[in-house]
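[1] sequence first, predicted coordinates after that:
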Amino acid sequence: MKSMQPSLKTMCVSHLKDVDGCVCAAIIRSAIKANFMLTNYGNITTCFSKIRQNYDHVYICDLGLNENHIKSINRVRQFAEVTYIDHHQLDPNLIDTLQGLGVDVIHDTHDCASVLTFQLFHKLLPHEAGILPCYSAISDRLEQGPQAQALLNQYDRDFVLFETMLLTYAIEKADIIFKKRVVNQLAKLNYPHQIKDVSVLALEQLSKITALRQDLPLKAKALHNLTYIEMPGESLGSIANLLLDVCNADVSVSYNHDPIKTHSDLSIRGKSHMQIDLGTLTSVIAKQLGGFGGGHALASGARVPSDKVMDFIKSLDFHISQMTKK
Ligand SMILES: [Mn+2]
């Protein structure tokens, strides 16, 4: 691969939301000095449109792509190599299409995207960089991943857990400017607790979560199989995780609307005993309602038109009834 050399002509587009996305960017930056952009699902296309011909290799990390992104990727492919590293459940047709465009697809749902990214770049990185994908494996709840286990075994458990939790909580609270700084500092192999304001932010987030633990059970609503809540201005994934805990729900949904209520974002989480595939369900239901979505078996996300949010929630509840019926 030609861009394995240090290169300012390499761009990494990675997921803004969580530790996994930020760490993917940090690994690639650390290994080859790549530039990076962080994006959420709503802004992927805008993000791709900023990639001009001054780049010759683009890495896309921790972003579950769908057919809506093909056109942008095809444009970028006209002048750059594209490597797509991801662990979300993907439509096999999409993988075929991407490969048909000459995209190098590294896809495995058993390990987080940072672990996959680290495997690709580890020869260019010092041994200590191996802790970076460990943060993501824990934060993405994929410690049991085949490659993650081997990496995690190298480190003292308490140290890596504590650093991971500082990073996870800080990133939940952080804005994009702070996250970019975190990526740059992680790329220099600073530990999360050494990065300015990470511990402050993590503790602020912990206080906020403590308040939410009291608040959520009073405000959440329930259908037969799931608990849901509207939560403006919060990290939807953390709210959905918290709902499973404080409302003792098997499946949870948190959502919010954009300011003019054109579309709404949803995060869906399930408890580990649930024999369901939320990623696929989310993708199918969101598509039926004119939106898009996907993810993992027990953690997924979607964007649907705002007037379809309750349809999505009811349809999800119905499908879970069908699938878990004895
Ligand atoms: Mn991930």
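    That came through, no problem.
[2] alpha carbons only for contacts and neighbour counts from here, please
    Fine.
[3] where does the stretch 1-150 of the chain dip in pLDDT?
    Applying pLDDT under 70 to the stretch 1-150 of the chain flags the ranges 1-7.
[4] do a quick rundown of the helices in it.
    Here the stretch 1-150 of the chain has its helices, by DSSP state H, counting those that start in this stretch, at 19-32, 44-49, 70-77, 92-100, 113-121, 131-139, 146-152.
[5] could I get these as TSV with distance to D277 and mean neighbour count?
    Formatted as TSV, those follow (distance: least, CA to CA, whole Å; neighbours: other CA atoms under 10 Å):
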stretch	distance to D277	mean neighbour count
helix 19-32	21	28
helix 44-49	24	16
helix 70-77	25	16
helix 92-100	16	14
helix 113-121	19	23
helix 131-139	20	26
helix 146-152	20	17
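[6] those: which one's closest to L212?
    helix 131-139 (19.9 Å; CA to CA).
[7] would you mind getting the angle between that closest one and helix 19-32?
    If you take axes from the mean of the first three to the mean of the last three CA atoms, to 10 degrees, helix 131-139 sits at 170 degrees to helix 19-32.
[8] closest one to L161 among the helices of the stretch 1-150 of the chain?
    Closest of the helices of the stretch 1-150 of the chain to L161 is helix 131-139, at 7.6 Å (criterion: CA to CA).
[9] which strands or helices does the closest one pack on?
    Using 3 or more CA pairs under 8 Å, 6 or more residues apart in numbering; DSSP states H and E, the elements in contact with helix 131-139 are helix 19-32, helix 113-121, helix 146-152, helix 157-173.
[10] export the ones you listed to CSV and tack on distance to K196?
    As requested, the helices and strands packed on helix 131-139 are exported to CSV (distance: least, CA to CA, whole Å):
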stretch, distance to K196
helix 19-32, 16
helix 113-121, 23
helix 146-152, 25
helix 157-173, 11
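[11] let me have the helices of the stretch 1-150 of the chain in CSV, extended by distance to L316.
    Formatted as CSV, those follow (distance: least, CA to CA, whole Å):
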stretch, distance to L316
helix 19-32, 27
helix 44-49, 26
helix 70-77, 27
helix 92-100, 23
helix 113-121, 27
helix 131-139, 26
helix 146-152, 31
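[12] and of these, who's closest to I177?
    Taking CA to CA, helix 19-32 is the member of the helices of the stretch 1-150 of the chain nearest to I177, at 12.0 Å.
[13] show me how far that closest one is from its chain's centre.
    Relative to its chain's centre, helix 19-32 lies at 13 Å (CA atoms, centre = their mean, to the nearest Å).
[14] and what of stretch 277-285?
    Centroid displacement of stretch 277-285 relative to its chain, using CA atoms, centre = their mean, is 16 Å.
[15] got the CA coordinates for that stretch in CSV?
    C-alpha atoms of stretch 277-285 as CSV (Å, rounded to 0.1, in the frame of the first residue of the first chain):
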residue,chain,number,x,y,z
ASP,A,277,-30.5,-8.7,15.8
LEU,A,278,-31.3,-5.0,16.4
GLY,A,279,-28.9,-3.9,13.6
THR,A,280,-30.8,-5.7,10.9
LEU,A,281,-34.2,-4.8,12.4
THR,A,282,-33.3,-1.2,12.7
SER,A,283,-32.1,-1.1,9.1
VAL,A,284,-35.3,-2.7,7.7
ILE,A,285,-37.7,-0.6,9.7
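[16] who's in contact with it?
    89, 268-270, 292-302, 312, 315-316, 319 (CA atoms under 8 Å, 6 or more residues apart in numbering).
[17] so where is the stretch 201-326 of the chain shaky, pLDDT-wise?
    For the stretch 201-326 of the chain, counting by pLDDT under 70, the residues that fall below are 326.
[18] what are the boundaries of the helices in it?
    Listed in chain order, the helices of the stretch 201-326 of the chain (DSSP H, counting those that start in this stretch) span 236-246, 278-288, 309-324.
[19] could I get those helices as TSV with mean neighbour count and distance to H110?
    Output for the helices of the stretch 201-326 of the chain, formatted as TSV (neighbours: other CA atoms under 10 Å; distance: least, CA to CA, whole Å):
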stretch	mean neighbour count	distance to H110
helix 236-246	21	20
helix 278-288	21	14
helix 309-324	16	23
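[20] of all these, which one is nearest V103?
    Going by CA to CA, the one of these nearest V103 is helix 278-288, 22.8 Å.
[21] how big is the angle separating that closest one from helix 309-324?
    Going by the same axes, to 10 degrees, helix 278-288 is angled at 140 degrees with respect to helix 309-324.
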